[in-house]
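Colleague: using only what follows, build the 3D model:
(chains A and B)
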Amino acid sequence: MTHPAAASQAATPPALQAIGISKAFLSGKLHTQVLENFSLRIEAGELTLISGPSGCGKSTLLAILSGLQKVDSGRVLALGSELGQLDLSALEHFRLQHTGFVFQGFNLFPALSAFEQVELPLNHMGLSRDEARARARRSLEEVGMAPRMKLRPSELSGGEKQRVAIARALAKEPELLFADEPTSALDSVNGQMIIDILHRIAHMHGTTVLCVSHDPRVVVHADRVLAMEDGRILSDRRTHVPTNDSKGT
Amino acid sequence: MVALARKTLVYEWRRFLPAMLAVGFAGLLQLLQLALVLGIFGSTSVYITGSSADVWIGYPGTQNVGSGRTIDPDVESRILMDPAVQRVEPYIWVDGDWRGPHETGGISVFVSGIDPGPGGLMFSKALLPSLRARLAEPDAVIVDRSVLDQLGVDIGETATINGHQVTVVGISSGLRALGGVNVLTSLSTARQLDGDPSDTGPTYLVAKLRDPKQADAVAARLRGDTAFGPYTTWSARDFARISVRYWMFDTGAGAGVLFLAGIVFLVGAVITSQTLIAAVNGSMREYATLNALGVGVAALRRVVLEQAFWVGALGLLGAGVLGIVLMLLAHSQDVPVVLNLPAALACVALVMGLATVSGLAAMRSLRRADPATLLR
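Modeller: A predicted model of the protein is given here:
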């Protein structure tokens, strides 16, 4: 599947690429083909939004592009690596080095402070203690949570928890950031703040942000919006000039 | 490194409390059972452990102290011929029927005939010299404090053993017997109490060596000579072990201990693993998120195992404190409880094994921490 908008960027390699992928699920005797011979390019340093009704396959697509799920057929390239070739531990290592995740539920450990939530994954990246702590502090500052970093999740609001979750993903300094309905559990003010942060991450850090959402507010801020239905892309449009603009810097 | 396992344990202690209690009580139950069994069955070798003899000489095939047969009295001279031997004395065991002055019915007693002299080996660790010297009087006996009510006598009173009148001249402590009552008397009184005219020699000869460390070697050297009729030898430690083992295993008590240990282990492991599994399930989404961020399953498993370890360690601590209190209480009430290092280590191993098995079971439920499930 090619798109007129993407054609102009063919010279630079995409951050993510799906080539003819198919994925089906078997629940009981029911065989559901979610994606069939599906191809897509996601450009680096952009906030790309995939929207569509529930069950359209957008979450499955996100799981596949992020290496959380295997495809039945086809190839997935992430930062030039073919994910299908990697075994479980190599995939874990790939995710550890290159990807961040933000989920709809914030999934924070109740026992840890905001600072520790962010520091924990960094401990596993082979960073020194000081480096991990410096990164955790920086990233909490970036999402405006530095003053509340000693607090546990029970003492934080929903928006604050999601900002901590974003800081946790961001502190890894990933090239790829995946977000699944990051605003759906939040009110409009907090939702807007999360969208702003994601947008800023894409533009300031050059991070490729792939967001799945049906929140109309996100649409306005995305560099590129893919509308999906029944495992197919219905429309693919850009809301900004397709370069790393200077808005956030 | 963020101490996820410990912080979660502290913050959500209520969630882990059932596991700690299960581990603690499993440990306590096992500890007290073992202490009680060691205490009770340890008393079956009190004749050996309460005496200062290094080598025991008895009838071949004797399975415990209480089931000895008489040996030829001339064996004594054979033993004395060995240069390592410093002193030999006879020990006579007589099964008796006690009839007290009050209404107690017949009571089965184990009469120990010992040398009451000041250098006597038998019960030298259990009797004060002044007390044992009283046995030199004819028909004098010493009974244990713990069985006074059972025998229906007090010091100075008389009773009969096998129809022969005896007088209680002293009261000992710590000489409980299993399946009967110990009565101490002199060798000459014991011979009179023995109703079997064919018993001419002693039941045992006990020997003190110049160097107690050579007990095994001397026992081996003295064995196998049949010129004086059948006899065999044991080092005191071996004979005590044989006696305790006989009671532990040939009476089925040991099997009972092992059976209960198995039950305790099983019940403890079921409760502990269920609690840990619930704790893992409670944090499943958080674990899955960590895995999505690239933290390996192996690292997550370590967190669960570490939690199991702390649950085991804390349960053990509680069991240890409570166990010491209960042991002291038991001691003050003359309940025979004995705990040695191997037994305590066995309990520690059981409890930590239980915690580990539970941790491994909980680790399995981590398989459900599939980050792809977070995207639905």
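Colleague: which residue sits closest to B:Gly294, ignoring its sequence neighbours?
Modeller: A:Leu96 (2.6 Å; CB to CB, 6 or more residues apart in numbering or on different chains). Every residue, glycine included, has its C-beta placed from N, CA and C.
Colleague: which of the helices or strands spans that neighbour?
Modeller: Per DSSP states H and E, A:Leu96 falls inside helix A:88-98.
Colleague: buried set for that helix?
Modeller: Using 16 or more other CB atoms under 10 Å in any protein chain shown as the burial criterion, the residues of helix A:88-98 that qualify are A:91-92, A:94-96, A:98.
Colleague: do stretch A:119-132 as well
Modeller: Of the residues in stretch A:119-132, A:119-125, A:127, A:132 count as buried by neighbour count, 16+ other CB under 10 Å.
Colleague: next up, the contacts around B:Ser43.
Modeller: Neighbouring residues of B:Ser43 by CB atoms under 8 Å, 6 or more residues apart in numbering or on different chains: B:176-178, B:336.
Colleague: how close does it get to B:Val257?
Modeller: Applying CB to CB, to the nearest Å, the value for B:Ser43 to B:Val257 is 16 Å.
Colleague: give me the nearest residue to the most centrally placed residue in chain A, chain neighbours excluded.
Modeller: Nearest to the mean C-alpha position of chain A, by CA atoms, centre = their mean, lies A:Phe178 at 1.0 Å. Computed as CB to CB, 6+ apart, the closest residue to A:Phe178 that is not its neighbour in sequence is A:Ser66, at 4.6 Å.
Colleague: ditto for B:Arg132
Modeller: Here the nearest residue to B:Arg132 in space, its sequence neighbours aside, is B:Pro116; by CB to CB, 6+ apart that works out to 5.1 Å.
Colleague: poorly predicted segments of chain A, please.
Modeller: Counting by pLDDT under 70, chain A contains low-confidence ranges at A:1-11, A:240-249.
Colleague: show me the contacts for the residue in it positioned nearest to chain B.
Modeller: When distances are taken as CB to the nearest CB, chain A approaches chain B most closely through A:Leu96, which lies 2.6 Å from it. For A:Leu96, the contacting residues are A:121, A:124-125, A:172, B:293-296, taking CB under 8 Å, 6+ apart as the criterion.
Colleague: swap in 10 Å and give it another go.
Modeller: Applying CB atoms under 10 Å, 6 or more residues apart in numbering or on different chains, one finds that A:Leu96 lies in contact with A:121, A:124-126, A:172, A:174, B:291, B:293-296.
Colleague: so which of the residues you listed are in strands?
Modeller: With strands taken from DSSP state E, there is no overlap with the contacts of A:Leu96.
Colleague: other SSEs contacting the helix or strand immediately after the helix holding A:Leu96 in the chain?
Modeller: Sequence-wise, the next helix or strand beyond helix A:88-98 is strand A:99-102, with elements assigned using DSSP H and E. Contact here means 3 or more CB pairs under 10 Å, 6 or more residues apart in numbering or on different chains; DSSP states H and E; on that basis strand A:99-102 packs against helix A:158-170, strand A:176-180, helix A:188-205, strand A:208-212, helix B:284-292.
Colleague: buried sites along strand A:99-102?
Modeller: With burial defined by 16+ other CB under 10 Å, the residues of strand A:99-102 counted as buried are A:99-102.
Colleague: for stretch B:352-372, same thing?
Modeller: Here stretch B:352-372 shows B:352, B:354-355, B:357-363, B:365-366, B:369-372 as buried, counting by 16+ other CB under 10 Å.
Colleague: in helices, which of these fall?
Modeller: Secondary structure of the buried residues of stretch B:352-372 is defined by DSSP state H; positions in helices are B:352, B:354-355, B:357-363.
Colleague: any chance of the residues you listed in JSON lines, plus distance to B:Asp196 and pLDDT?
Modeller: Formatted as JSON lines, the entries for those read as follows, by distance: CB to CB, whole Å; pLDDT from 0 to 100:
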{"residue": "B:Met352", "distance to B:Asp196": "54", "pLDDT": "93"}
{"residue": "B:Leu354", "distance to B:Asp196": "52", "pLDDT": "91"}
{"residue": "B:Ala355", "distance to B:Asp196": "57", "pLDDT": "93"}
{"residue": "B:Val357", "distance to B:Asp196": "56", "pLDDT": "93"}
{"residue": "B:Ser358", "distance to B:Asp196": "58", "pLDDT": "93"}
{"residue": "B:Gly359", "distance to B:Asp196": "62", "pLDDT": "94"}
{"residue": "B:Leu360", "distance to B:Asp196": "61", "pLDDT": "94"}
{"residue": "B:Ala361", "distance to B:Asp196": "61", "pLDDT": "93"}
{"residue": "B:Ala362", "distance to B:Asp196": "65", "pLDDT": "92"}
{"residue": "B:Met363", "distance to B:Asp196": "66", "pLDDT": "92"}
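Colleague: could you dump those to TSV with distance to chain A?
Modeller: What follows is those, written out as TSV (distance: CB to the nearest CB, whole Å):
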residue	distance to chain A
B:Met352	24
B:Leu354	24
B:Ala355	20
B:Val357	25
B:Ser358	20
B:Gly359	18
B:Leu360	20
B:Ala361	22
B:Ala362	16
B:Met363	16
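Colleague: next, count neighbours for whatever residue of chain B ends up closest to chain A.
Modeller: Among the residues of chain B, B:Gly294 lies closest to chain A, at 2.6 Å counting by CB to the nearest CB. Counted with other CB atoms under 10 Å in any protein chain shown, the burial measure for B:Gly294 works out to 25 neighbours.
Colleague: cool, B:Phe25 as well?
Modeller: 18.
Colleague: what about the strands in the stretch 101-250 of chain B?
Modeller: Counting by DSSP state E, counting those that start in this stretch, the stretch 101-250 of chain B has strands at residues B:106-114, B:140-144, B:158-161, B:164-172, B:181-186, B:204-209, B:232-235.
Colleague: now render the ones you listed as TSV, adding mean pLDDT.
Modeller: As requested, the strands of the stretch 101-250 of chain B are arranged in TSV below (pLDDT from 0 to 100):
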stretch	mean pLDDT
strand B:106-114	92
strand B:140-144	93
strand B:158-161	92
strand B:164-172	93
strand B:181-186	93
strand B:204-209	94
strand B:232-235	93
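Colleague: make JSON lines out of these and add mean neighbour count and distance to B:Val348.
Modeller: As requested, these are exported to JSON lines (neighbours: other CB atoms under 10 Å in any protein chain shown; distance: least, CB to CB, whole Å):
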{"stretch": "strand B:106-114", "mean neighbour count": "21", "distance to B:Val348": "36"}
{"stretch": "strand B:140-144", "mean neighbour count": "24", "distance to B:Val348": "33"}
{"stretch": "strand B:158-161", "mean neighbour count": "19", "distance to B:Val348": "46"}
{"stretch": "strand B:164-172", "mean neighbour count": "18", "distance to B:Val348": "35"}
{"stretch": "strand B:181-186", "mean neighbour count": "26", "distance to B:Val348": "34"}
{"stretch": "strand B:204-209", "mean neighbour count": "25", "distance to B:Val348": "36"}
{"stretch": "strand B:232-235", "mean neighbour count": "22", "distance to B:Val348": "30"}
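Colleague: now distance to chain A too, for those, in CSV please.
Modeller: Output for the strands of the stretch 101-250 of chain B, formatted as CSV (distance: least, CB to the nearest CB, whole Å):
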stretch, distance to chain A
strand B:106-114, 62
strand B:140-144, 57
strand B:158-161, 70
strand B:164-172, 59
strand B:181-186, 59
strand B:204-209, 63
strand B:232-235, 57
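Colleague: JSON lines for those strands, including distance to A:Ser27?
Modeller: Conversion of the strands of the stretch 101-250 of chain B to JSON lines gives the following (distance: least, CB to CB, whole Å):
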{"stretch": "strand B:106-114", "distance to A:Ser27": "75"}
{"stretch": "strand B:140-144", "distance to A:Ser27": "75"}
{"stretch": "strand B:158-161", "distance to A:Ser27": "85"}
{"stretch": "strand B:164-172", "distance to A:Ser27": "79"}
{"stretch": "strand B:181-186", "distance to A:Ser27": "75"}
{"stretch": "strand B:204-209", "distance to A:Ser27": "79"}
{"stretch": "strand B:232-235", "distance to A:Ser27": "73"}
